[in-house]
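[1] Pasting a predicted model and its sequence here:
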Amino acid sequence: MADSPTTMTSHARPAVSIDPETGRKIFNTRAAKASEKIDGVGYSVNADEHLKELPPPPPGAVFNAEEQAKYRDFKEARRGAADYMAMEGEFKRYLDDVYSEPPIEREALDDECEVLCIGAGFAGLLLWHKLSSAGFTDVRFCEKGGDVGGTWYWNRYPGIACDVESYSYLPLLEEMKYIPTMKFASGFEILEYCQAMADRFGFYDHCLFHTTVDSTVWDEETGRWTVYTDRGDAMKARYVILANGILTSPKLARIDGMASFAGESFHTSRWDYNIDLEGKRVGIIGTGATAVQVIPEIAKVVGELYVFQRTPSSIDVRDQRETDPEEIAEWSKEPGWARARRKRFSRISSGRTAIKANDDYLAGRVDDFKERKQHARKLSPDELVQKQLNTNFRIMEQIRARVDAIVDDPATAEALKPYYPYGCKRPTFHDEEGTRTFLGLHSHGFPNLFIVSGPQGGGGSFNFTDAIDTHGDYIIWMLTEMRDKAWNVVDITEDSEVNYAEHCRVADITTAPLRDCLSYYNGHGDAQPGSLAYYGGGYWHKWRIAAQESLDPYLFEFKPDELPQPAG
């Protein structure tokens, strides 16, 4: 057994020590909070009832050729406008971790573990719960932040809240014996929930915080990955799981004059609570999902607020409310109520229905979230898409009418109206381009590597937690299957990857009219169909089940841990 490092943390425990029972390393690298000023709540309940309903749809509204042309013009007017710059040089400070004290000092590691996961957000936390429950305990995590939470660690701006109903979004509610305080929980509440999960399940002992993975290298002879980090680590692992999330890398728009701006500035994903905005003149660039939450909150305290917009967002009603004690009592009667609720939620394919959430259906009081219409004949895929487009168009007409009802100045109101399909700019699963995978979890030529919530991963649900839960279950199945059958290396065939990528391309093209706009999840219009997100819904599960039953897509092998020594 190697001597353990003696560097001490502020908690009077070594940063790295040896567990006397297992002989494995345990870590104490969680960073302290940088400032008690970093605190807040999500958006509050709005008592104004007329803001909780959309205006009625205009009679006879249909997505005809004239309206389609208007949408196309709106899209083309914005093509090429997405110009982002690297956060380097003087702008590198926008990436600084402002939420934690400096990293805990520790020695570089060059040892080995069975499973190494990258990321300590919900995906990492869920993976640890599933892995440890299945008997995989030689596991460690690398996380670039100073604590758990992922998206909820980095995004702590005023007004931050979940945009999916939190009773279906937060994982392991039954195990944690917890019910969120609000229908759309504050990001600060969610972060505290992540920390409570990490405490309860012993996650902190397995995580290296303030540790960014720089590269991973596969050794074909030994069947091991070597994982190199910015802390000088060169750790070996049998399996590597990428669980580093989808909403943790901020983007910076290129704007003339940024370098010479003399005032204070920061990115919303690194909110600087040391800057007091009260009474100040403040500009916020962008009107996307973050700005929609930030603007109403800082407008309460700033002196003047200027909002700079490239493309308007569709601002629907949300109907935020506090959790009712009677609801808690009712839900608790159903065994596994949160998991059952999330399963019901996953059946909702309509973006607006999912975001607003049908409480009667999700609570199990009714069997479906909408009335099912019977058609005289089976509709073709094109006819089904057209029906959705017409419904979608009527909803967007209501949202545009809501702008007119709230904004007095006609010119301002017109500038705030979005002309694209509903939900078109809602983020999905990834924003890298040119990817080809199998199930979004494997990539040919990268054995023993698993990607959680990757491009082409299981789609069809507006609840990200549902995807990472499903992906986690799949990884546990794979590792258990390999353990039981004495395999320790898995890759996938090139043909299986090609065939699945083609399926994703066709699925993407079929439903493309429902997302006919420019946004970062389609590479601002430049991504090849099927190379980013995946819209196949239940078809993903059909591919997964077929693969698990036949094992045809997989290339398994066994590599002995002790390789033969050369003669002489």
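    Sure thing, it's come through. Numbering: from 1, shown residues only.

[2] My guess is Lys75 contacts Tyr420. True?
    Yes. Using C-beta atoms under 8 Å, Lys75 is in contact with Tyr420, at 6.6 Å. (Glycine included, C-beta is placed from N, CA and C.)

[3] Those two - which one has more neighbours?
    Counted by other C-beta atoms under 10 Å, Lys75 and Tyr420 do not tie: Tyr420 has more neighbours, with 22 against 17.

[4] Quick check: the gap between that one and Lys183.
    Distance, Tyr420 to Lys183, using C-beta to C-beta, to the nearest Å: 27 Å.

[5] Listing request: residues of the stretch 201-350 of the chain with sub-threshold pLDDT.
    Applying pLDDT under 70 to the stretch 201-350 of the chain flags the ranges 247-248, 349-350.

[6] rerun at 80
    Across the stretch 201-350 of the chain, the ranges flagged by pLDDT under 80 are 245-249, 318-319, 347-350.

[7] Strands of that one, start to end?
    Ranges of strands in the stretch 201-350 of the chain, per DSSP state E, counting those that start in this stretch, are 207-208, 213-219, 224-229, 234-242, 252-253, 281-285, 304-308.

[8] Which neighbouring elements make contact with the third one?
    Pointing back at strand 224-229 there. Applying 3 or more C-beta pairs under 8 Å, 6 or more residues apart in numbering; DSSP states H and E, one finds that strand 224-229 makes contact with strand 112-118, strand 213-219, strand 234-242.

[9] Turn the ones you listed into a markdown table, columns for distance to Tyr193.
    A markdown table is the format used below for the helices and strands packed on strand 224-229 (distance: least, C-beta to C-beta, whole Å):
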| stretch | distance to Tyr193 |
| --- | --- |
| strand 112-118 | 20 |
| strand 213-219 | 25 |
| strand 234-242 | 22 |
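
[10] These into CSV, with extra columns for mean neighbour count and distance to Ser550?
    CSV is the format used below for the helices and strands packed on strand 224-229 (neighbours: other C-beta atoms under 10 Å; distance: least, C-beta to C-beta, whole Å):
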stretch, mean neighbour count, distance to Ser550
strand 112-118, 21, 26
strand 213-219, 14, 26
strand 234-242, 21, 22
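
[11] and of those strands, who's closest to Val489?
    strand 234-242 (8.6 Å; C-beta to C-beta).

[12] and of the helices and strands packed on strand 224-229, who's closest to Trp477?
    Across those, Trp477 has its closest neighbour in strand 234-242 (13.5 Å, C-beta to C-beta).

[13] which residues are in contact with that closest one?
    Here strand 234-242 makes contact (C-beta atoms under 8 Å, 6 or more residues apart in numbering) with 108-119, 127, 140, 216, 222-229, 448-452, 454, 475, 479, 488.

[14] Count the neighbours of the nearest residue to Ser186 once chain neighbours are set aside for me.
    Leaving aside its chain neighbours, Ser186 sits nearest to Gly42 (3.2 Å; criterion: C-beta to C-beta, 6 or more residues apart in numbering). Using other C-beta under 10 Å, Gly42 has 22 other residues around it.

[15] For the host helix or strand of Glu175, buried residues please.
    Element membership for Glu175 (DSSP states H and E) is helix 173-176. Within helix 173-176, the residues scored as buried using 16 or more other C-beta atoms under 10 Å are Leu173.

[16] again with stretch 306-315
    Thr311, Pro312, Ser313, Ser314.

[17] likewise stretch 259-267?
    Phe266, His267.

[18] which residues in the stretch 401-550 of the chain form strands?
    449-451, 489-492.

[19] Now tabulate the ones you listed in JSON lines and tack on distance to Ala467, mean neighbour count and mean pLDDT.
    Conversion of these to JSON lines gives the following (distance: least, C-beta to C-beta, whole Å; neighbours: other C-beta atoms under 10 Å; pLDDT from 0 to 100):
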{"stretch": "strand 449-451", "distance to Ala467": "12", "mean neighbour count": "22", "mean pLDDT": "96"}
{"stretch": "strand 489-492", "distance to Ala467": "20", "mean neighbour count": "20", "mean pLDDT": "98"}
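
[20] Turn the strands of the stretch 201-350 of the chain into TSV, columns for distance to Lys37.
    Shown next, in TSV, are these (distance: least, C-beta to C-beta, whole Å):
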stretch	distance to Lys37
strand 207-208	25
strand 213-219	30
strand 224-229	30
strand 234-242	33
strand 252-253	24
strand 281-285	17
strand 304-308	21
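
[21] Any idea which of these gets closest to Pro56?
    With C-beta to C-beta as the criterion, Pro56 lies closest to strand 304-308 of the strands of the stretch 201-350 of the chain, at 28.4 Å.

[22] hang on, Cys490 packs against Phe450?
    Slight slip there: residue 490 is Val, not Cys. No. Using C-beta under 8 Å as the test, Val490 is too far from Phe450 to be in contact (9.3 Å).

[23] joint contacts of the two?
    What both Val490 and Phe450 touch, as defined by C-beta under 8 Å, 6+ apart, is the set His442, Met478.
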